[in-house]
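**Q** Please find the sequence and the predicted model below.
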Amino acid sequence: MYQNKKYGAFGGQYVSELLMNTLKELESAYREAIADPKFWDDYNYYMKEFVGRENPLYYAENLSKKYGTKLYLKREDLNHTGAHKINNVIGQILLAKRMGKNKVIAETGAGQHGVATATGAALFGMECTVYMGQEDIERQKLNVFRMEMLGAKVVPVTSGSCTLKDATNEAIRTWAKKAEDTFYVIGSAVGPHPYPEMVKEFQRIISKETKKQIMEKEGRLPDTVIACCGGGSNSIGMFAEFLENKDVELIGVEAAGLGIESGKHASAMALGKPGVLHGMRSYLLQDDNGNVQIAHSISAGLDYPGIGPEHAYLRDSGRVSYVSITDKECIDALLELCRLEGIIPAIESAHALAYAFKKAETMKADDIMVVCLSGRGDKDVHTVAQYLEGKDMNK
Amino acid sequence: MNRIEERMTKLKNNKEKALITYMTAGLPDMDKTVDIIKAQAEAGVDVIELGIPFSDPIADGPVIQDASFRSIEKGTNLTKVFEAVARMRKDCEVPIVFMMYFNTVLHYGVEALVKKCREVGVDGVIIPDMPYEEQYEIRQYLDEESPILIQLVSPVSKERIPMLVKDAKGFIYCVSSMGVTGQGGDFHSNLSSYLNEVKQIAEVPVMMGFGIRTADDIRGQEDIIDGAIVGTAFIRLMEENQYDLNVIADYIRTFKREMNG
């Protein structure tokens, strides 16, 4: 029967009856896969040979000097396709293959998960369709073209706010219609059970490597681990191995957009109420009538009104604290990393970095802080340029 | 006795099939919604599904999504729909079922919703994103006096069918195609055998919905099912005819006559 499908009051399977058997099949295929060493051999093979892992845990010497504490960066930005997203995609596509499905669908916001899914589909010879909001298609033309080069079909979504939330709705609708031969590759630690757990397991490699690397370099665990949260996939992967180490402080950073008080933000934890969206129960931005509100952030990847259900649980249990960073703070941190370390980070990752700089004030010289640099910033150069020219990029 | 059950018993005695329509509450406005309900009741509709608009209707196709969106823009919310139903109930006894997404229920309060439905005279609720396994949360507040939680069954429910049908009350909503509402006539290949399977063990009437436009669309299933549910096609008809009450009444009468003819 159903076990572990709820994280306290969060999680669950809020989907139509049409998808219940699909979820059951998925869960049993997933349980079999993760119990099979051969599955993990394949996963690890592609992580090493295709994605380029393990990636470094980089000691940011210049930043450490400036902020007076030891700052390490987990370099997910060095992965093939430029972010942590590929870890999860390879895991899910290997599972899809195992289940005999030859078509995959995905939702995408900024296009990173879409590109990663198109990449995985190309590698394993699968037909790939990506749902993307019309608004995002216009904002992220280059990623649309990338997906098309990789052989994927990009379907514009013109309902609701025409962004990630609506692209996800459309992917779920299509899945309900085509689940008999189609696998839905969800890009974040969201959705109905078992997706949040699956995504966590396929992103766990981030903290597995980090733990090993920090022991090699410092001989002890870090004091603080920081990662950004939209849906929460890089952060849940970064936290996974540290959850049991109660002395390691874990911090998730949401997007505060123009500021929480402005109402234009993407921080489900700050003001969100528990709600149900995309098959899960979690904290959710919603209005007085229970309609889902549109999130706002300069970062397309954090621009999501909900958050993964395990994060909601970790917040309420007190194990992880969740904070938020505004667009301005994020861009300042992004530029500082460029200039001091020669690394252009993704706008999403710069949120985690910005909070790390704030947090550093309370830390001692010997304290160790690890920040998940979840992606690289090539995709964001245009956005940053526009922001610096003073255009309103907060959509 | 619940109005739905009353109506179902009457239909059974008359050997008639039920016509159930879906309309989004608040279109073209709330007063007109009440007028449309009454016009349908007079024309002989058996149950009205009143859609509570939600920002993210994942079980619905483009037509109902769009209706939902426009209704929200007009300021429709659950409180206003309850007020409208209360006004309607002064002189109209047609069975009403709310079709709503779970977030709307959760936001209002599960227990509060059940209580308010009872007070106002809402006879049932359909919550398409609350599958059987999650229904315990509302079941704990349901009794003989409360609205009926209508059970959905799908062409791929297979071994789940006995579980879904077992406690079903009012009627069973058999989804006729995969995906979302409003894919006109594109029914699942396995439709008849699945409807049969449900019908054989069901103790309450079995209705077929999703993609039905006219009585013609149920040809081939008429010996199995006890009625049809029309949503998208009905919304489209109302819009194309500027919510003309005569056109609406005609559609209901024609459909019922053809289905029972």
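**A** Nice, thanks for sending it over. Numbering: from 1, shown residues only, chains lettered A, B, ... in the order given.
**Q** going forward, measure contacts between C-alpha atoms and count neighbours the same way
**A** OK.
**Q** Return the list of helices and strands in contact with the helix or strand encompassing A:M198.
**A** Following DSSP states H and E, one finds A:M198 within helix A:195-203. Packing partners of helix A:195-203 (3 or more C-alpha pairs under 8 Å, 6 or more residues apart in numbering or on different chains; DSSP states H and E): helix A:85-98, helix A:233-239.
**Q** give me the element the most centrally placed residue in chain B is part of.
**A** Chain B has B:E49 as the residue nearest its centroid, 3.6 Å off, counting by C-alpha atoms, centre = their mean. Using DSSP H and E, B:E49 sits within strand B:47-51.
**Q** Packing partners of that strand?
**A** strand B:18-24, strand B:96-99.
**Q** Can you tell me the closest non-neighbouring residue to A:K211?
**A** In space, and not counting its chain neighbours, A:K211 is closest to A:L221: 6.9 Å by C-alpha to C-alpha, 6 or more residues apart in numbering or on different chains.
**Q** Specify the stretch among the helices and strands packed on helix A:195-203 that is closest to chain B.
**A** helix A:85-98 (19.4 Å; C-alpha to the nearest C-alpha).
**Q** tell me what that closest one is packed against?
**A** Using 3+ C-alpha pairs under 8 Å, 6+ apart, helix A:85-98 is in contact with helix A:17-34, helix A:37-46, helix A:112-123, helix A:195-203.
**Q** Residues of the stretch 51-200 of chain A that sit close to chain B?
**A** When proximity is defined by C-alpha under 8 Å from any C-alpha of the partner chain, the stretch 51-200 of chain A lies next to chain B at A:S159, A:G160, A:D166, A:N169, A:E170, A:I172, A:R173, A:T174, A:W175, A:A176, A:K177, A:K178.
**Q** just curious, which of those is nearest to B:L191?
**A** A:K177 (14.5 Å; C-alpha to C-alpha).
**Q** What residues does residue 166 make contact with?
**A** Let's take chain A. By C-alpha atoms under 8 Å, 6 or more residues apart in numbering or on different chains, the residues touching A:D166 are A:G133, A:V157, A:S159, A:G160, B:D56.
**Q** My question was about chain B, not that one.
**A** So B:K166 contacts B:A202 (C-alpha under 8 Å, 6+ apart).
**Q** how much space between it and chain A?
**A** Note on B:K166: its distance to chain A, by C-alpha to the nearest C-alpha, to the nearest Å, is 15 Å.
**Q** Phi and psi next, for A:D181.
**A** Backbone torsions of A:D181, given as degrees, to the nearest 10, read phi -130, psi 10.
**Q** Surely it and A:M99 touch.
**A** No: using C-alpha atoms under 8 Å, A:D181 makes no contact with A:M99, being 9.5 Å away.
**Q** A:K212 sits in which helix or strand?
**A** Counting by DSSP H and E, A:K212 is part of helix A:205-218.
**Q** ugh, typo on my part, it should be B:L164
**A** Under the assignment here (DSSP H and E), B:L164 is part of helix B:161-166.
**Q** what's the next secondary structure element after that helix?
**A** Defined by DSSP H and E, the subsequent element after helix B:161-166 is strand B:172-175.
**Q** Please give me every residue in contact with residue 61.
**A** As the question left the chain open, I've gone with chain A. A:K70, A:L71 are the contacts of A:E61 under C-alpha under 8 Å, 6+ apart.
**Q** nope, chain B please
**A** Contacts of B:G61 (C-alpha under 8 Å, 6+ apart): B:V180, B:T181, B:G182, B:Q183.
**Q** any idea how far A:M280 is from the closest residue to B:H188 other than its chain neighbours?
**A** Of all residues not flanking B:H188 in the chain, B:S177 sits nearest, at 4.8 Å (C-alpha to C-alpha, 6+ apart). B:S177 is 24 Å from A:M280, where distance means C-alpha to C-alpha, to the nearest Å.
**Q** and A:Y72, helix, strand or coil?
**A** For A:Y72, the secondary structure call by DSSP: H, G, I helix; E, B strand; the rest coil comes out as strand.
**Q** my read: it touches A:L373, true?
**A** No: at 9.5 Å, A:Y72 does not count as touching A:L373 under the criterion of C-alpha under 8 Å.
**Q** And the spatially most central residue of chain A, what's its pLDDT?
**A** Nearest to the mean C-alpha position of chain A, by C-alpha atoms, centre = their mean, lies A:S233 at 3.4 Å. A:S233 carries a pLDDT value of 97.
**Q** That one touches A:S188, doesn't it?
**A** Yes: using C-alpha under 8 Å, A:S233 makes contact with A:S188 at a distance of 4.9 Å.
**Q** And the residues of the stretch 51-200 of chain A next to chain B, which is closest to chain B?
**A** A:K177 (3.6 Å).
**Q** Where do the helices of the stretch 101-250 of chain B begin and end?
**A** B:102-108, B:110-120, B:136-139, B:161-166, B:191-201, B:232-240, B:245-260 (DSSP state H, counting those that start in this stretch).
**Q** any chance of the ones you listed in CSV, with mean pLDDT too?
**A** Formatted as CSV, the helices of the stretch 101-250 of chain B follow (pLDDT from 0 to 100):
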stretch, mean pLDDT
helix B:102-108, 98
helix B:110-120, 98
helix B:136-139, 95
helix B:161-166, 97
helix B:191-201, 95
helix B:232-240, 96
helix B:245-260, 97
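**Q** Rebuild those helices as CSV, extending it with distance to A:G306.
**A** Output for the helices of the stretch 101-250 of chain B, formatted as CSV (distance: least, C-alpha to C-alpha, whole Å):
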stretch, distance to A:G306
helix B:102-108, 13
helix B:110-120, 21
helix B:136-139, 22
helix B:161-166, 30
helix B:191-201, 37
helix B:232-240, 29
helix B:245-260, 40
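**Q** Let me know which of those is tucked in deepest.
**A** Of the helices of the stretch 101-250 of chain B, the one with the most neighbours on average (mean count of other C-alpha atoms under 10 Å in any protein chain shown) is helix B:102-108, at a mean of 21.
**Q** packing partners for that helix?
**A** strand A:273-277.
**Q** strands paired with the strand it packs on, and their directions?
**A** strand A:280-284 (antiparallel) (DSSP bridges).
**Q** show me what contacts the closest residue to A:G120 other than its chain neighbours?
**A** Counting by C-alpha to C-alpha, 6+ apart, the nearest residue to A:G120 once its immediate chain neighbours are dropped is A:I90, at 6.1 Å. Applying C-alpha under 8 Å, 6+ apart to A:I90 gives the contacts A:Y43, A:Y46, A:G120.
**Q** Repeat that for A:S235.
**A** Contacts of A:S235 (C-alpha under 8 Å, 6+ apart): A:I226, A:A227, A:C228, A:C229, A:G252, A:C372.
**Q** With B:M238 instead?
**A** Counted by C-alpha under 8 Å, 6+ apart, B:M238 has contacts B:D244, B:V247, B:I248.
**Q** thinking again about what came up before, okay, the helices and strands packed on strand B:47-51 in CSV with mean pLDDT next?
**A** Output for these, formatted as CSV (pLDDT from 0 to 100):
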stretch, mean pLDDT
strand B:18-24, 98
strand B:96-99, 98
